[in-house]
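# Generate coordinates for the sequence data below:
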Amino acid sequence: MKTMRIPLLATAAVLLLTLASCEWNSTVKPNDKKKEKQPLAVPAQYSTIQAAIDAAADSGDVIVVQPGNYNTEGSRNIDFRGKAVTLRSSAGAATTIIDCQGSPRFPARAFIFDNGEDSTTIVDGFTVKGGYESDLDTKYGARGGAVYCEGTWPRIRNCVFQDNDAEYGGAIYCKTAAPFFDSCKFISNVAIDGGAVMIDGSPDGPQFTDCIFKSNAADSRGGAILLQTSSAVIASCEFESNRAPNRGGAIYCQSSSPILTSCLLVGNRSTSSDSEGGAVAAVLNSNPALLNCTLFGNTAKNGGGLSCMTNSSPYVSESIIAFNTGGGAVRSDDVSSQPNLVCTDVYQNTGGDWTDAIEGQDQDPVRKNLFADPDFCDTENGNFGLHADSPCMPDNNSCATQIGAPLNSCPAE
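Residues are numbered from 1 along each chain as shown. The predicted structure follows:
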């Protein structure tokens, strides 16, 4: 009988431990998880956007703005105060409008980023209009009718900037800043320099992706964008009907070397008696790169498509420069400026095609440049894609690559 007691005692001990363990586990609630933070709502919880930002944590909060026209104090001159928050509309830019209602006497803009904001500070889905900045703004001056950035790099996406006005950067002014702009539209903004955007002293440069610049105007230089001692990456963007009387109907580069990839520049104008660069003007040690871009129907007295001056040497590859008007396709003002074209089609530009500084580059077999009708789909209706038999299609040229901006294919005939 003694030989049976040890197993029985061991079994009892195991049973007691199991019951105790079950009793302890029963105190843990299966749904006792950390609750996710709820968005801060405007105007349901906070009457203004600024009030919601002030109430937000320094990191991670989301502010959701309902459709409406926001035009009161607290919903303009909005300061993010260095917070890594997301400000987004619930229904998109078409129905969520920040109307700054700025004027010469009462300047106002939408957003201010000057407290170290980075790409974790996000603005998504607003129309910003009516910004106006003048020297009455004693802190920031007449810079950035809609947005002022200094030393920051926020991310701004799915926004429309329309009818904003400033002396420098009608919509956006960036000083030593490199924000990200994704799928934004810049329409009918005006300034003395940089009709839509001015970037000043930003060697790292902003990024523009899938953006549209249309009908912006500068009184002097850079109808859409002016870059001064700055860089930029501009990808898959469209520039249409922008104007600046002196230099750079669409883009003006001064001591700046942006990279443009897969961009369409159409109908931009620089029209004074000595104007330079209907689409792009590069001056003072500027070396922009245009890769897979299409320049069509731009106008300037000198260089309907592109002009370079004072030790500026653009690099143009796999691009189309066609049907621009004025003083030739590409113009250089001196021997220090030597544009370099490779696998590029230059065709039917008023004032000359392979002339001036690019003379003979069409005959260089290493460069593989073209002089041929690009055979666009339908330029009258704004379709700058290419027919299948275009010499700019990969199977039809010696570069074996797409030449020009990769746009929609032609509809079936």
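# If you average pLDDT per helix and strand, which one of this protein comes out bottom?
Least confident helix or strand of the chain, by mean pLDDT, DSSP states H and E, is helix 2-25 with a mean of 38.
# ok, now which ones touch Ile172?
Ile172 sits next to 144, 146-147, 149, 161, 179, 181, 186, 196-198 when contact means CB atoms under 8 Å, 6 or more residues apart in numbering. Where you see a C-beta, it was placed from the backbone N, CA and C, and this is true even at glycine.
# and those residues, which of them are in strands?
147, 149, 161, 181, 186, 197-198 (DSSP state E).
# ok, which pair from these is furthest apart?
Greatest spatial distance among these (CB to CB): Cys149 and Phe186, at 14.9 Å.
# between those two, who's got more neighbours?
Between Cys149 and Phe186, Phe186 has the larger neighbour count (other CB atoms under 10 Å), namely 30 against 27.
# Provide the count of other residues in contact range of the residue nearest to the more buried one when sequence neighbours are not counted.
Of all residues not flanking Phe186 in the chain, Ala196 sits nearest, at 3.9 Å (CB to CB, 6 or more residues apart in numbering). Other residues near Ala196 come to 36 when the count uses other CB under 10 Å.
# I'd assumed Leu226 was in contact with Ala196.
No: when contacts are counted by CB atoms under 8 Å, Ala196 is not listed as touching Leu226 (9.2 Å).
# Could you pull up the residues touching the residue nearest to Gly352 when sequence neighbours are not counted?
Leaving aside its chain neighbours, Gly352 sits nearest to Gly328 (4.1 Å; criterion: CB to CB, 6+ apart). Counting by CB under 8 Å, 6+ apart, Gly328 touches 302-304, 349-353, 355-356.
# could you redo the last one with a cut-off of 6 Å?
Counting by CB atoms under 6 Å, 6 or more residues apart in numbering, Gly328 makes contact with 351-352, 355-356.
# now, the most widely separated pair of those?
Pairwise distances across these peak at 9.0 Å for Gly351 and Asp356 (criterion: CB to CB).
# OK, contacts around Phe111?
78, 147.
# let's go with 7 Å and repeat that
Counting by CB atoms under 7 Å, 6 or more residues apart in numbering, Phe111 touches 78, 123, 147.
# Could you tell me how many residues sit around the last one?
Right, Val147. 29.
# Check which residues of stretch 288-300 are buried.
By neighbour count with 16 or more other CB atoms under 10 Å, stretch 288-300 contains the buried residues 288, 290-300.
# Show me which of those is closest to Leu264.
Using CB to CB, the buried residues of stretch 288-300 come closest to Leu264 at Thr294, 5.1 Å.
# what sits against the closest one?
So Thr294 contacts 264, 319-320, 384, 404-405 (CB under 7 Å, 6+ apart).
# Can you name the two of the residues you listed that sit furthest apart?
Ser319 and Phe384 (12.3 Å).
# the more surrounded of those two?
Ser319 (28 against 21).
# ok so, going back, can you tell me which of the buried residues of stretch 288-300 lies closest to Ser409?
Thr294 (14.4 Å).
# can you give me phi and psi for the closest one?
Main-chain dihedrals, Thr294, degrees, to the nearest 10: phi -120, psi 120.
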